[in-house]
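Turn this into a model:
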Amino acid sequence: MGFLSGMDISGSALSAQRLRMDVIAENIANVETTRTEDGGPYRRKRVIMEPRNSDFAQVMENRVNGKEEGSVAGGVRVTEIAEDEAPFKLKYDPTHPDANEEGYVELPNVDVTQEMVDMISAYRSYQANVTAFNAYKDMAVRALEIGR
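Residues are numbered from 1 along each chain as shown. Below is the predicted model:
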């Protein structure tokens, strides 16, 4: 494990949580969007993440063989931004320009309460990783001061 790998692990999580918060903000901003470029209402998006180098045995084998690539255990990466396939909400509003023949409008499948819970979770994860990053930085500085 390299000297800066702890910062790399926290940095990957910070980037992923920042992207997650951006996607959540986009979902909230489009909670009333009934018409998109793709046609139909806005569809909620979510960030899919997975651990980097999650196979511990492979990481150990790479380290034993002296390979730097794939030898960092930990961190996270975003694999995709997926659309939620949940059904759209229906609202009766025959005066709306996007209403169907029965007078119902399809609204996005975004639940603001769920988005706020997700935002708080992403924010707390971001805070925890900032704390871990700063703790690692402080330890590195103290280790360098020992050598004086």
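
Please make it C-alpha for all contacts and neighbour counts, starting now.
Noted.

neighbouring contacts of stretch 85-100?
With C-alpha atoms under 8 Å, 6 or more residues apart in numbering as the contact definition, stretch 85-100 has outside contacts at 34-35, 41, 43, 102-109.

Kindly recompute the last result at 7 Å.
Residues from elsewhere that reach stretch 85-100 (C-alpha atoms under 7 Å, 6 or more residues apart in numbering): 103-109.

Any of those buried? List them.
104-109 (16 or more other C-alpha atoms under 10 Å).

Out of those residues, which sit inside strands?
Judged by DSSP state E, these include 104-107 as members of strands.

Format those as JSON lines; extra columns: pLDDT and distance to Leu144.
Formatted as JSON lines, those follow (pLDDT from 0 to 100; distance: C-alpha to C-alpha, whole Å):
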{"residue": "Tyr104", "pLDDT": "95", "distance to Leu144": "67"}
{"residue": "Val105", "pLDDT": "95", "distance to Leu144": "63"}
{"residue": "Glu106", "pLDDT": "94", "distance to Leu144": "60"}
{"residue": "Leu107", "pLDDT": "95", "distance to Leu144": "57"}
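
do you know how far the residue most central in space within the chain is from Tyr42?
When C-alpha atoms, centre = their mean is applied to the chain, the residue found nearest the centroid is Arg20 (3.1 Å). Arg20 is 17 Å from Tyr42, where distance means C-alpha to C-alpha, to the nearest Å.

now Gly75
Distance from Gly75 to Tyr42, by C-alpha to C-alpha: 31 Å.

Flag every buried residue along the helix or strand hosting Val117.
Following DSSP states H and E, one finds Val117 within helix 112-146. By neighbour count on 16+ other C-alpha under 10 Å, the buried set for helix 112-146 is 115, 118-119, 122-123, 125-126, 129-130, 132-133, 136.
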